[in-house]
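Peer 1: requesting a structural model of the entry that follows:
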Amino acid sequence: MKSVCIKTYLTLFTMLLCPKMYSMAGVAQMPSDKKVADLSIKDLQQVIKDTIQSLLAFVDPYSILQKLDEVKDAEQKLKADFETKERQIVDIQNKIKQKEAEFQAKAPALSPDAREKYQSDIMSLRAQGQTKMEGLQTFVQQAQQELEMRFFKKIQEAAEEVANEEGIILVQGAGIVYGSKALNISDKVSARMNKKYNEEKRKSMKPVLTPAAQPSSLPTAPK
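Peer 2: Next comes the predicted model:
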């Protein structure tokens, strides 16, 4: 009974304090001759539910990232850069194997200085490979962080645009444990971002114009 009273007083307080919220949200209005005190607990709960669904929303940033065409294009470029750096590491590893095989085959006939030279070359290649490997790991971590930071900002901007158009006053981001599907505007945000990106992408792809046929400067043969 106590919880019911709390809900009732909370709802009445909200409706009296912010009566415009309900007209903004477009929720069903009660008849003009019906007083707030006449509403049942069920009616009050429905008013709260309708108001929340109209004024509050949330987005799942990581779900949006997976649906963005721009992210997919950026990941393709990162993949190409990663594969280039990875091939450099493989080349060094192959050189190490080749050098070690040469050393094993020639070791019995090598002078001390030649042995030392082979060992020094192998150690140098291993150091290069280690440096390249560490650089690749750093590249992947930084690229992922920069990608998320860049697109999280774009997600925020798109969410603000959707909220302004639909009269939403609060949009929650990451950290949602549970939220009703009715409050999730992630699909609307990703659709807006994809539309904007693909329009800009089409504009940037200028068509290749073929040169118009130029009149010949050579004199025509007399008929």
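Peer 1: my read is Val171 is in a strand, agree?
Peer 2: Yes. Counting by DSSP: H, G, I helix; E, B strand; the rest coil, Val171 is found in a strand.
Peer 1: neighbours of it, just the number please.
Peer 2: 17 (other C-beta atoms under 10 Å). Glycine gets a C-beta too; all of them are placed from N, C-alpha and C.
Peer 1: local confidence estimate at it?
Peer 2: On pLDDT, Val171 comes in at 86.
Peer 1: same check, this time on the one 10 residues further on
Peer 2: According to the prediction, Lys181 has pLDDT 85.
Peer 1: and Ala107, by the same measure?
Peer 2: For Ala107, pLDDT reads 88.
Peer 1: touching, it and Gln119? I think so.
Peer 2: No. Ala107 is beyond contact range of Gln119, at 10.2 Å (criterion: C-beta atoms under 8 Å).
Peer 1: what's near enough to touch the closest residue to Glu148 other than its chain neighbours?
Peer 2: Once flanking residues are discounted, Glu148 sits nearest to Leu65: 7.4 Å by C-beta to C-beta, 6 or more residues apart in numbering. By C-beta atoms under 8 Å, 6 or more residues apart in numbering, the residues touching Leu65 are 71, 148, 151, 155.
Peer 1: so which of the residues you listed is surrounded by the most neighbours?
Peer 2: In terms of neighbours by other C-beta under 10 Å, those top out with Ile155 at 23 neighbours.
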